[in-house]
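> how would this look folded up:
(chains A and B)
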There are 2 protein chains.
Amino acid sequence: MQIVALAGGVGAARFLRGLLRAAPPGQICIVVNTGDDREFYGVQVSPDLDIVTYTLAGVVDEAAGYGLEGDSFATVEALARLGHATWFRLGDGDFATALHRTQRLRAGAGLAQIAAEICAAYGVAARILPMSEAPCPTFVTLTDGRTLHFEEYLAREGAPDSVRGVDLSAARRAAAGPGVLDALAAADAILLCPSNPVVSIGPILAVRGVRDALARARAPVVGISPIVGGAPVKGPADKLLRGIGAEVSARGVAELYRGLCDGFVIDERDRAQSRDIEALGMHCLATDTLMRDAQISRALAESALELARTIASRKTGPRQTSRSAPHKTAPWLPE
Amino acid sequence: MQIVALAGGVGAARFLRGLLRAAPPGQICIVVNTGDDREFYGVQVSPDLDIVTYTLAGVVDEAAGYGLEGDSFATVEALARLGHATWFRLGDGDFATALHRTQRLRAGAGLAQIAAEICAAYGVAARILPMSEAPCPTFVTLTDGRTLHFEEYLAREGAPDSVRGVDLSAARRAAAGPGVLDALAAADAILLCPSNPVVSIGPILAVRGVRDALARARAPVVGISPIVGGAPVKGPADKLLRGIGAEVSARGVAELYRGLCDGFVIDERDRAQSRDIEALGMHCLATDTLMRDAQISRALAESALELARTIASRKTGPRQTSRSAPHKTAPWLPE
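Have a look, this model is predicted:
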């Protein structure tokens, strides 16, 4: 069974840890958001690629949700002394990853090849594919009129409430990264990790050809809600959902994924929303999605895969129509 | 009294620490070898500039002779994991200096301006001037025919004996850095630190205009021998001296500086060579040059300055002829 998971960083990490326990790594391919990528201190940082790699390697700083466990911060501290703004706290080990990426990019290697090299060095057997090799910066516009790179919004400004909109136009113009569309076409199950739907899954869906590939895929597409009881488990998803006019709920996320997902997994605390979600044309499963330990993460991944299998067994033949008609009103999903 | 000191890295460090105790920092200008500069891991490293800056700031790792005291090595260790050859052990704090330099160079700043920024950040009041802003790599040729960048020779190969020659042709083609020739012209005393004469002082002397500026300078030029009792105090000077056919002795170094120096300070253990050195046209002073502590470093700097003052008081009028006729036979000093 070939599994393709669309993932951001922090929000996806625990789920991916579970997925790795639920399926052999050789069957797992993760398509990762690169909308947060940016040059910091002269080196090329891919926050979500690094988080996913470190997570699958078992070396991520679990408390922070990003960075290498036990990493030091001597370089950023010395950069601060040299007058640099160091709101992006890149660890010393993280610098090595970014230095490697920067050198290899300069030598002409592609982001996908570089991601594979970093995976090999860290012993990650699953495939990790950047959503695109073109620069795809995600911008957040605030009510005061300022437009910030997503990392400026998140790390520098501390994710303020005053979001007016999200600009995914760079991702809209970008071609999918090597292997991405093929992996979606060949998949037996496609999962949307419980990542931020607006700035993690959104950019991947915005990349040219990805939504078409999802619509044409023979595999069922199953999303997992990152919202539990009306609030995100981690991160600023509530502010960004509000900013694009969506409801901060499992149902609100399902609405964004309408026409894209065949199935949607929500937390048992949100079971009352099941009927509304089914009405959007998705099979809905309610279970424990608060991944307090590796066992719960694994159980959630198994539930999502089981839902995909159930959907696949029910439908043979061409794609159900609902998935080929993406929800037109979500402004973060360009037509 | 304006003092200009020509310096490499490790060999000069203890002497410069003494000089800083012997004169106010506002009177000190250090012209630093950039022949060891190279890109490592995608960042621009200036080993001697960094050693001199850290030394004057009092933050150098005194045991190693380079790098920041108490620095960590998480980035190089992570780079090793990523498959990089990490024989050049750049510390995490050192990476910040190199990242700053790399970014500023890319933004169009010059090496001298960047050196001043790093000095300001580290609270160094003395002026530190790169000998040149052009790339001036020093190459060492071995008897097996290989030609290595100096850092490859020193750090990667461990300074083998089999030196056949030293290539300073890049420095020969390079223009002096901003302020260098002016500082030499305005100096009251010019010191050649007890650095490696072949690969630390040699490249500075090779830079276009530097030997002319020394010949025309009104200030006396005083060298300090890095060789004591027939061996270098630190580093591979013996191998490099032998490699260019020079004697490994205070006298051997004085011969290389013939026509450049008015005075030469040697260790009291080498007092027997004084007469030979005087015969080269230099005033010779024998004293304790083994800088086991800061007091001895200071006393040595004071002795060198006192010798310069004595020479200056004896000669008024135009430069003595010996200094304007550089020794023609030293192959490392291009004509």
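> Chain B contacts on the stretch 101-250 of chain A?
With Cβ under 8 Å from any Cβ of the partner chain as the criterion, the stretch 101-250 of chain A meets chain B at residues A:102, A:103, A:106, A:117, A:118, A:121, A:122. The C-beta positions use only the backbone N, C-alpha and C, and glycine is treated the same way.
> which of those has the most neighbours?
The member of those that has the most neighbours, counting by other Cβ atoms under 10 Å in any protein chain shown, is residue A:118 with 24 neighbours.
> Select the longest helix from chain A.
helix A:294-314 (DSSP state H).
> and it, what other elements does it pack with?
In terms of contacts (3 or more Cβ pairs under 8 Å, 6 or more residues apart in numbering or on different chains; DSSP states H and E), helix A:294-314 is packed against helix A:10-22, strand A:189-192, strand A:221-224, strand A:263-267, strand A:283-287.
> Report the angle between that helix and strand A:263-267.
150 degrees (axes from the mean of the first three to the mean of the last three Cα atoms, to 10 degrees).
> next one: helix A:294-314 to chain centre, how far?
Averaged C-alpha coordinates place helix A:294-314 at 18 Å from its chain's average position (Cα atoms, centre = their mean, to the nearest Å).
> Which positions within it qualify as buried?
A:296-308, A:311-312 (16 or more other Cβ atoms under 10 Å in any protein chain shown).
> what stretches of chain A score poorly on pLDDT?
Across chain A, the ranges flagged by pLDDT under 70 are A:315-335.
> Tell me which stretches of it form strands.
Along chain A, the stretches classed as strands by DSSP state E are A:3-7, A:28-32, A:38-40, A:43-45, A:127-130, A:139-142, A:147-149, A:163-167, A:189-192, A:221-224, A:227-228, A:231-232, A:263-267, A:283-287.
> what about the fourth one, near chain B?
Yes. Among the residues of strand A:43-45, residue A:43 lie within reach of chain B under Cβ under 8 Å from any Cβ.
> Now tell me what touches that strand from outside.
For strand A:43-45, the external contacting residues (Cβ atoms under 8 Å, 6 or more residues apart in numbering or on different chains) are A:37-39, A:88, A:90, A:94-95, A:98-99, A:101-102, A:105, B:42, B:99.
> now, which of these sits nearest residue B:141?
residue B:42 (27.2 Å; Cβ to Cβ).
> Does the closest one touch residue A:104 like I think?
No. Counting by Cβ atoms under 8 Å, residue B:42 stays clear of residue A:104, with 9.3 Å between them.
> More neighbours: the two, which one.
residue B:42 (22 against 19).
> out of everything not next to it in sequence, what's closest to the more buried one?
In space, and not counting its chain neighbours, residue B:42 is closest to residue A:103: 4.2 Å by Cβ to Cβ, 6 or more residues apart in numbering or on different chains.
> Would you confirm that that neighbour contacts residue B:79?
No. Here residue A:103 lies out of contact with residue B:79, judged by Cβ under 8 Å, at a distance of 9.7 Å.
> Can you pull the residues that touch both of those two?
residue B:41.
> For the residue of the stretch 151-300 of chain A found nearest chain B, give me its contacts.
Closest to chain B within the stretch 151-300 of chain A is residue A:151: 17.4 Å, counting by Cβ to the nearest Cβ. Shown in contact with residue A:151 (Cβ under 8 Å, 6+ apart): A:36, A:38, A:47, A:88.
> From residue B:278, how far out is it?
Distance, residue A:151 to residue B:278, by Cβ to Cβ, to the nearest Å: 67 Å.
> ranges for the helices of chain A?
With helices called from DSSP H, chain A shows them at A:10-22, A:47-57, A:74-81, A:92-106, A:111-121, A:150-151, A:169-173, A:180-186, A:202-206, A:210-216, A:237-243, A:250-256, A:274-279, A:294-314.
> For the longest one, which outside residues touch it?
Around helix A:294-314, the neighbours that count as contacts under Cβ under 8 Å, 6+ apart are A:1, A:3, A:14-15, A:17-19, A:21-23, A:188-191, A:219-220, A:222, A:224, A:262-263, A:265, A:283, A:285, A:287-291.
> Go through the helices of chain A and name the closest to residue B:204.
For residue B:204, the closest of those is helix A:74-81, at 27.6 Å, according to Cβ to Cβ.
> Now the closest one - C-alpha only, PDB.
What follows is helix A:74-81, C-alpha atoms only, in PDB (Å, rounded to 0.1, in the frame of the first residue of the first chain):
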ATOM      1  CA  ALA A  74      26.000  29.500  19.900                       C
ATOM      2  CA  THR A  75      25.800  30.700  16.300                       C
ATOM      3  CA  VAL A  76      22.600  32.800  16.600                       C
ATOM      4  CA  GLU A  77      23.900  34.200  19.900                       C
ATOM      5  CA  ALA A  78      27.100  35.200  18.300                       C
ATOM      6  CA  LEU A  79      25.100  36.600  15.300                       C
ATOM      7  CA  ALA A  80      23.100  38.700  17.800                       C
ATOM      8  CA  ARG A  81      26.400  40.100  19.100                       C
END
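> Packing partners of that helix?
helix A:92-106, helix B:92-106.
> Tabulate those (CSV), appending distance to residue B:246.
Output for these, formatted as CSV (distance: least, Cβ to Cβ, whole Å):
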stretch, distance to residue B:246
helix A:92-106, 39
helix B:92-106, 32
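> To residue A:27, which of the ones you listed lies closest?
helix A:92-106 (25.5 Å).
> Give the buried residues for that closest one.
A:92-105.
> now do stretch A:243-252
A:243, A:244, A:246, A:247, A:248, A:249, A:250, A:251, A:252.
> And for stretch A:212-225?
Neighbour-count burial for stretch A:212-225 flags A:213, A:214, A:215, A:217, A:218, A:219, A:220, A:221, A:222, A:223, A:224, A:225 (criterion: 16+ other Cβ under 10 Å).
> which residues does the first one contact?
Translated: residue A:213. Counting by Cβ under 8 Å, 6+ apart, residue A:213 touches A:176, A:180, A:181, A:184, A:185.
> Burial check on residue A:179, number of neighbours?
16.
> try residue A:292
9.
> Test my guess that residue A:10 contacts residue A:237.
No. Look at residue A:10 against residue A:237 with Cβ under 8 Å: they stay out of range, at 10.5 Å.
> what about residue A:291, how many neighbours?
Neighbour count for residue A:291, taken as other Cβ under 10 Å: 20.
> Contact partners for it?
With contacts defined as Cβ under 8 Å, 6+ apart, residue A:291 is in contact with A:14, A:15, A:17, A:18, A:297, A:300.
> In a markdown table: these, plus distance to residue B:111.
Listed next are those as a markdown table, based on distance: Cβ to Cβ, whole Å:
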| residue | distance to residue B:111 |
| --- | --- |
| A:14 | 47 |
| A:15 | 49 |
| A:17 | 47 |
| A:18 | 52 |
| A:297 | 51 |
| A:300 | 55 |
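> Tell me which two of those residues sit farthest apart.
A:17 and A:300 (10.3 Å).
> Quick check: residue A:287 vs residue A:264, distance?
Counting by Cβ to Cβ, the separation of residue A:287 from residue A:264 is 11 Å.
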